[in-house]
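Visitor: The sequence and its predicted three-dimensional model are supplied below.
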Amino acid sequence: MIRAVVFDVGETLIDETRIWSRWADRLGVPRLTLLGVIGGMAALDRPHREAFELLRPGFDFAAELAAWRRDDPAGLRENFNADDLYPDVRPGLERLRQAGYQLIVAGNQPPQAYDALTAMDLPVDSIHTSDGWGVSKPDLAFFDKVAAVAGVAPAEILYVGDRLDNDVLPARAAAMRTALIRRGPWGYLHSLRPEAAHADLVVDSILDLPV
């Protein structure tokens, strides 16, 4: 029996389109080009940051990010806010909450993401990030943290995410139930792979999760 539902962040709760579009503008490349190359990285199982190196050889991510912060200190830059939530997130979470599930957000995110998520006043019981925990997916220690904050057995947790490598497969290895959500480049591409059969559910929306 599922008692807790845990959600990844990027392309699970947050639509990253505006983030990548701002990055394209910053890099001076057409938005479609960057979005297409990001999709290529997903298809090739390559880290998304390699897209920057492909488009700008010798790209220094940390230096560029620091320069962007100096140039646009009040802007969102690489960050997100409530306007980036997928439209099904609030009604989907409310539906699950009313059904009695404990709801947790836990994903690979930088330091500033915690404050951004808490400012959204989502109907969840707790919010956690890899930066706060000092461990990132797909490390099984991340999922040990998930189970600890949920306070229930791993088999009573449903982990929802858009990737097989970071979400479904390691959560399953940690004895959790899993749902692969088909959105974002990884979600759609990974749903076509044979390993998607390891997910307990493949859904197109949080509203598709059973209650």
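Guide: Good, I have the coordinates.
Visitor: And the protein, what are its domain boundaries?
Guide: Domain assignment for the chain, taken from automatic domain parsing, gives 4-15+81-208, 17-71.
Visitor: In TSV: the ones you listed, plus mean neighbour count and mean pLDDT.
Guide: Using the backbone N, CA and C atoms, a C-beta is placed for each residue, glycine as well. Putting these into TSV (neighbours: other Cβ atoms under 10 Å; pLDDT from 0 to 100) gives the following:
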stretch	mean neighbour count	mean pLDDT
domain 4-15+81-208	19	97
domain 17-71	14	96
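Visitor: And the nearest residue in space to Leu180 that is not next to it in sequence, how close does it get to Val211?
Guide: Sequence neighbours aside, Ala199 is the residue nearest to Leu180 in space, at 4.2 Å (criterion: Cβ to Cβ, 6 or more residues apart in numbering). Computed with Cβ to Cβ, to the nearest Å, the distance linking Ala199 and Val211 is 18 Å.
Visitor: quick revisit: show the contacting residues for the residue nearest to Leu180.
Guide: Leu164, Val168, Arg172, Thr178, Ala179, Leu180 (Cβ atoms under 8 Å, 6 or more residues apart in numbering).
Visitor: which residues in the protein form helices?
Guide: Taking DSSP state H as the criterion, the chain contains helices spanning 17-27, 31-43, 50-55, 61-71, 89-98, 111-118, 130-133, 140-150, 169-173, 184-191.
Visitor: and the closest residue to Arg183 other than its chain neighbours, backbone torsions?
Guide: Counting by Cβ to Cβ, 6+ apart, Arg183 lies nearest to Glu11, which is 5.8 Å off, once chain neighbours are set aside. Phi and psi for Glu11, reported as degrees, to the nearest 10, are phi 60, psi 20.
Visitor: Report the contact partners of Glu11.
Guide: Glu11 touches Asp162, Ile181, Arg183, Gly184, Pro185, Trp186, Gly187, counting by Cβ under 8 Å, 6+ apart.
Visitor: Go again with 6 Å.
Guide: Asp162, Arg183, Gly184 (Cβ atoms under 6 Å, 6 or more residues apart in numbering).
Visitor: and the spatially closest residue to Ser136 that is not a sequence neighbour, how far is that from Lys145?
Guide: Counting by Cβ to Cβ, 6+ apart, Ser130 is the residue found nearest to Ser136 once chain neighbours are left out, at 4.1 Å. As defined by Cβ to Cβ, Ser130 lies at a distance of 9 Å from Lys145.
Visitor: One more: Ile19?
Guide: Ile19 is 25 Å from Lys145, by Cβ to Cβ.
Visitor: try Ala175
Guide: Where Lys145 is concerned, Ala175 sits at a distance of 14 Å (Cβ to Cβ).
Visitor: same thing with Asp165?
Guide: Following Cβ to Cβ, the distance that separates Asp165 from Lys145 is 18 Å.
Visitor: Spatially, what comes nearest to Val6 if we skip its sequence neighbours?
Guide: Val6 sits nearest to Ile104 (Cβ to Cβ, 6+ apart), 4.5 Å away.
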